[in-house]
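In: Generate a structure from the sequence data that follows.
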Amino acid sequence: MPAAKSSVAAPDDKGARGGLRGAARRAQTGGMKSRRSARSLIVSAAGPAVAVLVVVVFAGFALLGSNGLLSLDGYRKQLSERTVALARYEAERARLQNQKRLIERGDPDFADELVRRNTDMIDRNEYMVVEH
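Out: This is a model prediction of the structure:
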């Protein structure tokens, strides 16, 4: 008499489904999951940890660095100081350009004022008024 065929696949018999899967494999190994060694866990976590560290360093420089967000107030203060200095220099430049124009024209009043100022014949607080 022929032997009866079993509907449960033997561990060696791959059958049409390609071997043991899921519950059958867990039943065969006793239901225990394989554990990874501590070294392999550390090695696999090293890459993401380095990436997070790099992101944290760049974020720190973006906030606290010399060009970071927290130094923006210092830049605003420097800008206001430099704007005041620029206005002062532009006023001085305009005064010197006016003097240059007067010298080039040969203005006798300005020439007299320069001579008297350079020979100490006029004080700094005095103004010359010349009438023709």
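
In: Next SSE downstream of the longest helix belonging to the chain?
Out: If you go by DSSP state H, the chain has its longest helix at helix 72-105. Next along the chain after helix 72-105, taking DSSP states H and E as the criterion, comes helix 108-118.

In: Mean confidence (pLDDT) on that following helix, please.
Out: Averaged across helix 108-118, the pLDDT comes to 83.

In: Kindly format the C-alpha coordinates of it as PDB.
Out: Extracted C-alpha coordinates of helix 108-118, given in PDB (Å, rounded to 0.1, in the frame of the first residue of the first chain):
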ATOM      1  CA  PRO A 108      40.500 137.400  -2.800                       C
ATOM      2  CA  ASP A 109      38.300 137.200   0.300                       C
ATOM      3  CA  PHE A 110      39.200 133.600   0.900                       C
ATOM      4  CA  ALA A 111      42.900 134.200   0.100                       C
ATOM      5  CA  ASP A 112      42.900 137.000   2.700                       C
ATOM      6  CA  GLU A 113      41.200 134.700   5.200                       C
ATOM      7  CA  LEU A 114      43.800 132.000   4.600                       C
ATOM      8  CA  VAL A 115      46.700 134.400   5.000                       C
ATOM      9  CA  ARG A 116      45.400 135.900   8.200                       C
ATOM     10  CA  ARG A 117      44.600 132.500   9.700                       C
ATOM     11  CA  ASN A 118      48.000 131.000   8.800                       C
END
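
In: Could I get the buried residue list for that helix?
Out: By neighbour count on 16 or more other C-beta atoms under 10 Å, the buried set for helix 108-118 is 110, 113. In short, each C-beta sits where N, CA and C put it, glycine included.

In: Tell me what angle that helix forms with helix 72-105.
Out: Using axes from the mean of the first three to the mean of the last three C-alpha atoms, to 10 degrees, one finds that helix 108-118 and helix 72-105 are set 110 degrees apart in direction.

In: Please give me every residue in contact with residue 61.
Out: By C-beta atoms under 8 Å, 6 or more residues apart in numbering, the residues touching residue 61 are residue 68.
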